[in-house]
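Next one to model:
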Amino acid sequence: MKTIKVTTKLLSMLVVLGLTFTGCSDNESVEPEAELQDVTEMRLAAEIDEASGTMDDIAIEIYERQEQSELGRTEPNFGMPDCVTITVVFEQNFREVTIDFGTEGCYINENLLKGKIILSWERNPEAQQVFISKSLEDFYFNNKNILGSKTILKQLSNDNGNPQFTHELSLTVIWPNGAQASREGTKIREWIEGFGSGIFSDNVFKVTGNWTSTFVNGNTHTYEVMTPLRREVICYYFVSGSVDVQRTNFGGLFDYGEGNCDNQATFTFNNGETVDITLN
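Just a heads-up that it's a prediction; the model follows:
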C-alpha cells in the first residue's frame with residue numbers, strides 16, 4: 001500500500017497544479033495529481049461536516065435546555081458564554097429561539113461563530129416526535145459563510161431507547177478564498193451519552209446517513225456513512241468512523257480514525273492508495 005502525507009500547504013499547491021489538467025473520460029485512468037486535487041475537495045467536505053456538527057450541537061443543546069426549563073417551570077440556563085444573546089418568543093404552543101453570536105463573533109469551543117441561528121417548533125410535551133426548523137441569518141463559522149436551513153425531527157426514544165434527531169440538510173458554504181460547495185441529504189444523530197445530565201460537555205452522538213456535496217466547479221460527491229461517526233461535543237472533529245465517497249472517476253473511504261480527538265484522517269482510494277489528511 002502506498003501512503004502519501006497531505007498537509008494544508010501541499011493541498012494548496014495541488015489546487016494550483018490541478019488547474020493544469022483536463023478532465024478524464026470514464027475509460028481513462030485518473031492522474032495522481034487529479035486524485036490529490038479531489039482529496040482537496042474531501043478536506044473541504046470534512047470542514048462542512050465539522051461546521052454542521054457544531055451548529056447541530058448548539059441547536060440541540062439550546063432546544064433541550066428550553067424544553068427542560070419549561071417542564072420544570074424554571075428560568076432556562078442555556079450554558080452559553082456572555083457574548084451570546086438568546087431570545088425566546090412564547091406564543092401558546094409555539095416557540096422561537098434566536099441564538100445571536102453578534103457581528104463581531106463569539107468563541108464556542110474554540111470556534112468563532114458570527115450571526116444568528118433561529119430555531120422554531122410547535123410545543124407539545126406529550127408528543128413522541130417534534131419537528132424543529134432551523135434557519136441561519138448572516139451566519140459565519142470560522143470565517144466560512146454558511147447559508148441555508150434544516151428541518152430536524154426529534155424522536156424521544158428510538159429502537160435503542162435513546163433520543164434521536166434526523167436532520168434534513170440544505171446548506172451552502174462559502175470559504176474566504178471563494179471556494180463554494182452545497183450540501184443536501186440526511187443525517188441521523190443518536191444521542192448515546194450525556195442525555196439528561198444538564199452538562200453540555202459530556203454529550204456524545206452517533207451519526208449515520210447519506211448526502212451529496214456539489215462544488216462550484218461542478219464536481220459532485222456522494223457520501224454514505226459506513227461506520228457510524230462518533231461526535232463528542234468537546235472535540236472539534238469526529239473522533240472515529242468512516243464514510244464511503246464516490247464520484248464519476250474516483251472513489252474511496254474517508255476514515256476519521258479509532259477514537260482520538262485530533263485533526264488527522266485518511267482517505268483510501270479504491271485502488272488501495274492511501275493519503276493522510278490534516279483537517280483545518
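
Report the strands that pair with the host helix or strand of S133, each with its relative direction.
Here S133 sits within strand 129-141, counting by DSSP states H and E. Counting by DSSP bridges, the strands paired with strand 129-141 are strand 111-122 (antiparallel), strand 144-155 (antiparallel).

Would you mind putting these into JSON lines with mean neighbour count, distance to C235 and mean pLDDT alongside?
From N, CA and C alone the C-beta is placed, and that goes for glycine too. Formatted as JSON lines, the strands paired with strand 129-141 follow (neighbours: other Cβ atoms under 10 Å; distance: least, Cβ to Cβ, whole Å; pLDDT from 0 to 100):
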{"stretch": "strand 111-122", "mean neighbour count": "18", "distance to C235": "12", "mean pLDDT": "96"}
{"stretch": "strand 144-155", "mean neighbour count": "17", "distance to C235": "19", "mean pLDDT": "93"}
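
how about the ones you listed in JSON lines, adding distance to S170?
Output for these, formatted as JSON lines (distance: least, Cβ to Cβ, whole Å):
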{"stretch": "strand 111-122", "distance to S170": "15"}
{"stretch": "strand 144-155", "distance to S170": "5"}
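
what's the closest of the ones you listed to F94?
Nearest to F94, of all those, is strand 111-122, at 5.9 Å by Cβ to Cβ.

Can you give the distance of that closest one from its chain's centre?
Distance of strand 111-122 from its chain centroid, counting by Cα atoms, centre = their mean, to the nearest Å, is 14 Å.

which residues in the chain form helices?
Using DSSP state H, the helices of the chain run over 8-18, 32-71.

dump the residue contacts of the spatially closest residue to V207 that is not a sequence neighbour.
Leaving aside its sequence neighbours, V207 sits nearest to L229 (Cβ to Cβ, 6 or more residues apart in numbering; 4.1 Å). Applying Cβ atoms under 8 Å, 6 or more residues apart in numbering, we find L229 in contact with K206, V207, T208, F238, S240, G241, S242, V243, Y256.

Just put those in JSON lines and tack on pLDDT.
Formatted as JSON lines, those follow (pLDDT from 0 to 100):
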{"residue": "K206", "pLDDT": "95"}
{"residue": "V207", "pLDDT": "94"}
{"residue": "T208", "pLDDT": "96"}
{"residue": "F238", "pLDDT": "91"}
{"residue": "S240", "pLDDT": "96"}
{"residue": "G241", "pLDDT": "96"}
{"residue": "S242", "pLDDT": "96"}
{"residue": "V243", "pLDDT": "94"}
{"residue": "Y256", "pLDDT": "93"}
